[in-house]
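[1] everything below, folded, please.
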Amino acid sequence: GSSSRAITLENILQTVRHGEMTGVIESFKGRMVKSLFRFDDVPVSAILTHRTHVISVEKQSLISSVFATCLEHGYSRLPVYDKDPERIVGVVLFRDASTAWSQGKQETAVKTIMREPVFVSENRNVQDVFHTLKKESLNMVIVLDEYGGLAGIVTMEDVVEELLGELYDENEQKLGEKIIALNKEGIPEYKVFADIPIYQFNEYFNTAIDENNDSQTIGGYLTELIGHI
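    So this is what the prediction gives:
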């Protein structure tokens, strides 16, 4: 784009300074810090994906089938087991499977490209696991129960989701990513993100806003209606 519209460090700092002045960033930082402290009390068992819901592949599986499994489920990494799904021996990254595929290794066993798994105890707190995840490049840890058996898995996304979920005010009930019901007495009030698609808004509130106009989102629709942002 033109230099006049380029995002510069100065623009960002100016925005941050404005945010600080209005107290928005300070409030967010305060809630973030509170949430991080709370992580000391949350065991990783509270946020893991339970072993019965873990999608994994056997170490002898062909790279072609691993590639297909990743695509089917939309995962960027999968645990690899040896004969018994509870015996995790590695983690395979989708990008490694893609590279192997492009090198013509579709019929090669996944054990040749899997990476060493990282294990943590289910009693570890989320804060510890967050630091473990930051250190290694798998973005996934295998969680073991007190007997050394598989409890489940935790990814960096799980930790971030837990952290960000805490940033919602305690008097708010999250109805979805884009609509939040505020628990106030009397008339129900909602916080609605402007980029929510009109059809989703209609579904939630049983409204009939025309979806065939130029706008796809509630923000766009209101701007069109009122004549300004």
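[2] check this protein for its longest strand and report it.
    Counting residues, the longest strand found in the chain (DSSP state E) is strand 84-93.
[3] same for that one, what does it pack against?
    Applying 3 or more Cβ pairs under 8 Å, 6 or more residues apart in numbering; DSSP states H and E, one finds that strand 84-93 contacts strand 77-82, strand 140-144, strand 150-155. (Glycine included, C-beta is placed from N, CA and C.)
[4] tell me the angle the first one makes with strand 84-93.
    To tie it back to what came earlier, the one meant is strand 77-82. Strand 77-82 runs at 140 degrees relative to strand 84-93, counting by axes from the mean of the first three to the mean of the last three Cα atoms, to 10 degrees.
[5] strand partners (parallel or antiparallel) of strand 77-82?
    strand 57-58 (parallel), strand 84-93 (antiparallel) (DSSP bridges).
[6] please compute how far the longest one lies from its chain's middle.
    Same thing as strand 84-93. 22 Å (Cα atoms, centre = their mean, to the nearest Å).
[7] tell me the strands in the protein, going along the chain?
    For the chain, applying DSSP E gives strands covering 49-50, 57-58, 77-82, 84-93, 119-121, 140-144, 150-155, 172-174, 179-182, 189-192.
[8] those strands: which one's closest to Thr108?
    strand 84-93 (11.8 Å; Cβ to Cβ).
[9] okay, and the helix or strand of the protein with the least pLDDT?
    strand 172-174 (a mean of 48; mean pLDDT, DSSP states H and E).
[10] low pLDDT regions in the chain?
    The model of the chain has pLDDT under 70 over residues 1-40, 163-177, 184, 212-214.
[11] if we use 50, what do you get?
    Residue ranges of the chain with pLDDT under 50: 1-3, 167-175.
[12] about what we covered before: mind putting the helices and strands packed on strand 84-93 in JSON lines, mean neighbour count included?
    Formatted as JSON lines, the helices and strands packed on strand 84-93 follow (neighbours: other Cβ atoms under 10 Å):
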{"stretch": "strand 77-82", "mean neighbour count": "21"}
{"stretch": "strand 140-144", "mean neighbour count": "23"}
{"stretch": "strand 150-155", "mean neighbour count": "23"}
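[13] residue contacts, Thr155?
    Each residue near Thr155 by Cβ atoms under 8 Å, 6 or more residues apart in numbering is listed here: 49, 77, 133, 139-140.
[14] from those, which is closest to Gly149?
    When the contacts of Thr155 are compared against Gly149 (criterion: Cβ to Cβ), the nearest one is Thr49, at 15.3 Å.
[15] not counting sequence-adjacent ones, nearest residue to the most centrally placed residue in the chain?
    Nearest residue to the geometric centre of the chain (Cα atoms, centre = their mean): Glu157, 3.7 Å. With sequence-adjacent residues excluded and distances taken as Cβ to Cβ, 6 or more residues apart in numbering, Glu157 is closest to Asn139, at 7.8 Å.
[16] equivalent analysis for Ser56, please.
    Pro79 (4.2 Å).
[17] the one you found bridge partners, please.
    Bridge pairing for Pro79 (DSSP bridges) gives the partners Val91.
[18] tell me how far it lies from Met140.
    Distance of Pro79 to Met140, given as Cβ to Cβ, to the nearest Å: 7 Å.
[19] identify the contacts common to the two.
    91, 153.
[20] I figured the residue nearest to Ser56 hits Glu58, correct?
    No: counting by Cβ atoms under 8 Å, Pro79 stays clear of Glu58, with 10.6 Å between them.
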